[in-house]
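Visitor: only the shape, not the letters, is given here:
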């Protein structure tokens, strides 16, 4: 019988120390409003999180603590003046919600999804994933860095405290010397490239039966 | 008895003051053979309800597929010029109107041996141009004959003595021919087509005016630009014989896109890249080219209004192996019939401060603001004409642009999709947009035309 059909997502974090200029700190222009003009640029959130963010951060009543987690090292304040992290930073230029990894990673549900060697996972294709590699393929250094840098993963047994010992080449078992990265292009969607500090990669898998998962969707 | 005859006469006058075949519905004339969803409906509605009674029907029908005769068109132009007359009951209307047409100079003696035969398109052009000064005041129409010749596949079949009239009518967008590039000067017109022509003749805003794309760089200028900015175009390995050889971080051997499915793909890529580089340079924007060595090759051409740091504001993707629209596959499976060769993704075709400078704030009435800028629309329009051909490209642009613009007017809060042929192009468009399903990117997938026209 097929595994549960529900599609869920995980977020990988690649911690980058590479010498790419931060576009936000290098005088890069921000756009003043989102694509359809619905939201204004939030310059404070954009600078705090080093990415272009429109409108104010927000929570969601269906999420734990209403989507606002009180934490002393949080970057945001809620209406009550409490310091913490909202579940959503705001919207990106295309007016899609931007999830706040700092909120989700602080929920404490760490390390209980993936085995040490990811042997319990069946990665799924993300139809538009190849598109996210288009820009990266123009930059040889960046491309190689993303493929070969060990990533961090909160849902791995390492709980995001250390890197997982895996990079994308190893995760997808690309033979040494091969330049056929089709599987990576089809299954790993690059959300943000490391120029801004950290890179985020989106992978998708079917939920194995009987496991408890908390994942953003 | 006299009273009865007077009453009968009055009754008949009133009865026959309505041209036969018309139906008055809420004050507007309608016809049984002109359904509301017919392409010619609005044109027939216009001519049949014009105060000068330009065209009328018969026996409740308009006869949209009947041929238009010479005398009918003379009558229409005379009426449009405000010189319509009441035809005495003992006279045939054509015998009244043709002399008026001759008197006004719309036709000259000896030009027609038979006024009751079907009129050709070229002959129609002559009457149009002669009558326009009296109807709309338009005269001294200039045109570029070599330009029109280059766009009209059958230019040489226009009778020499009618070419000047055809060029003028073509230039004005009144008689433009088909999307296939053929004018068909010696063909007759159906009454439906004639209604469309007359509508355009009398209402300049409805005309199909062809604006040729801007003259962009020469090949040498484009290639010099790429050489001088080579560090910005990592994926361009080299250019030879008007073909762009591609490379990327993995595929470092210069490679052309596969031409198995689309023999013109490399030629089109070159032309589109040249146009984009030209506009980006001219407008102070940025042009990008990305290459993925998947499925025979995928190339993304990007036009960035700010800089390459952001996704392109206008992106054209070439698929060497045609692909299905993945959003459509997911949310509207089976609707897309053929895989796509091209994908357009549009962001905001405006400078960053364009809206703010108009005083725009979220919450204001969106209809009161201009959402895109002409200089950026022009880039999109030009690319469409390269990819699909001048006529079909224009038809595609005219079809898709209002759909795209509507997203701004509605603030993106719409569910919209289209799966089917774009009228007059033969191009299948697959487009799916859904706020509910979080498909918010404005991307349009199309097949390629059989022939670029």
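Guide: Looks like it arrived, so ask away. Predicted, not measured: the structure shown is a model, and the values here were computed from it.
Visitor: which residue does chain A have closest to chain B?
Guide: Closest contact between chain A and chain B, by Cβ to the nearest Cβ, is at residue A:127 (3.3 Å). Backbone N, C-alpha and C define where each C-beta goes, glycine included.
Visitor: pLDDT at that residue, what is it?
Guide: Here the pLDDT value assigned to residue A:127 is 83.
Visitor: residue 168: how many residues sit nearby?
Guide: Let's take chain A. If you count neighbours by other Cβ atoms under 10 Å in any protein chain shown, residue A:168 ends up with 23.
Visitor: my bad, chain B
Guide: 23.
Visitor: and it, what does it touch?
Guide: Contacts for residue B:168 (Cβ atoms under 8 Å, 6 or more residues apart in numbering or on different chains) come out as B:125, B:129, B:141, B:143.
Visitor: which non-adjacent residue is nearest the last one?
Guide: Spatially, and ignoring its direct neighbours in sequence, residue B:143 is nearest to residue B:171 (3.9 Å; Cβ to Cβ, 6 or more residues apart in numbering or on different chains).
Visitor: returning to what we had before: from the contacts of residue B:168, which ones fall inside strands?
Guide: Among those, no member falls in strands (DSSP state E).
Visitor: of these, which is the most crowded?
Guide: Going by other Cβ under 10 Å, residue B:125 tops the contacts of residue B:168 with 26 neighbours.
Visitor: next one: that one from residue B:174, what distance?
Guide: 8 Å (Cβ to Cβ, to the nearest Å).
Visitor: surely the residue of chain A closest to chain B is in contact with residue B:323?
Guide: No - judged on Cβ atoms under 8 Å, residue A:127 makes no contact with residue B:323 at a distance of 9.2 Å.
Visitor: between the two, which one's more packed in?
Guide: More crowded of residue A:127 and residue B:323, by other Cβ under 10 Å: residue B:323, with 20 against 15.
Visitor: in chain B, which ranges drop under the pLDDT threshold?
Guide: Along chain B, the model assigns pLDDT under 70 to residues B:1-27, B:179-181, B:210-212.
Visitor: what's the domain layout of it?
Guide: Chain B breaks down by automatic domain parsing into domains covering B:19-206, B:219-446.
Visitor: show me what contacts the residue of the stretch 201-350 of chain B found nearest chain A?
Guide: Closest residue of the stretch 201-350 of chain B to chain A, Cβ to the nearest Cβ: residue B:326 (3.3 Å). The neighbourhood of residue B:326, defined by Cβ under 8 Å, 6+ apart, consists of A:127-128.
Visitor: dihedrals phi and psi, the spatially most central residue of chain B?
Guide: The residue lying closest to the centre of chain B (Cα atoms, centre = their mean) is residue B:395, at 3.7 Å. Geometry field for residue B:395 lists phi and psi as phi -60, psi -40, criterion degrees, to the nearest 10.
Visitor: now it: how far from residue B:121?
Guide: Counting by Cβ to Cβ, the gap from residue B:395 to residue B:121 is 19 Å.
Visitor: quick one: residues in contact with the longest strand belonging to chain B.
Guide: Ordering each strand of chain B by length in residues (DSSP E) puts strand B:314-323 first. For strand B:314-323, contacts defined as Cβ under 8 Å, 6+ apart pick out B:257-262, B:265, B:268-269, B:272, B:295-303, B:338-347, B:349, B:376, B:379-380, B:383, B:387, B:445, B:447.
Visitor: for chain A, what's the nearest residue on the stretch 351-453 of chain B?
Guide: For the stretch 351-453 of chain B, Cβ to the nearest Cβ, closest residue to chain A: residue B:412, 4.4 Å.
Visitor: got the contact list for that residue?
Guide: So residue B:412 contacts A:36, A:38, A:95, B:435, B:440 (Cβ under 8 Å, 6+ apart).
Visitor: what's the answer for residue B:285, then?
Guide: B:279, B:303-306 are the contacts of residue B:285 under Cβ under 8 Å, 6+ apart.
Visitor: same thing but 7 Å
Guide: Residue B:285 sits next to B:303-305 when contact means Cβ atoms under 7 Å, 6 or more residues apart in numbering or on different chains.
Visitor: quick one, phi psi at it?
Guide: phi -110, psi -170.
Visitor: touching chain B at all, stretch A:78-97?
Guide: Yes - under the criterion of Cβ under 7 Å from any Cβ of the partner chain, chain B is reached by stretch A:78-97 at A:93-96.
Visitor: write a PyMOL command that selects only the buried members of those residues.
Guide: A single PyMOL command is used to select the members of these judged buried by 16 or more other Cβ atoms under 10 Å in any protein chain shown:
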select buried, chain A and resi 93+94+95
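Visitor: the biggest helix by length in chain A: how far from the chain's middle?
Guide: Using DSSP state H to define each element, chain A has its longest helix at helix A:140-148. Its chain's C-alpha centre and that of helix A:140-148 lie 17 Å apart, by Cα atoms, centre = their mean, to the nearest Å.
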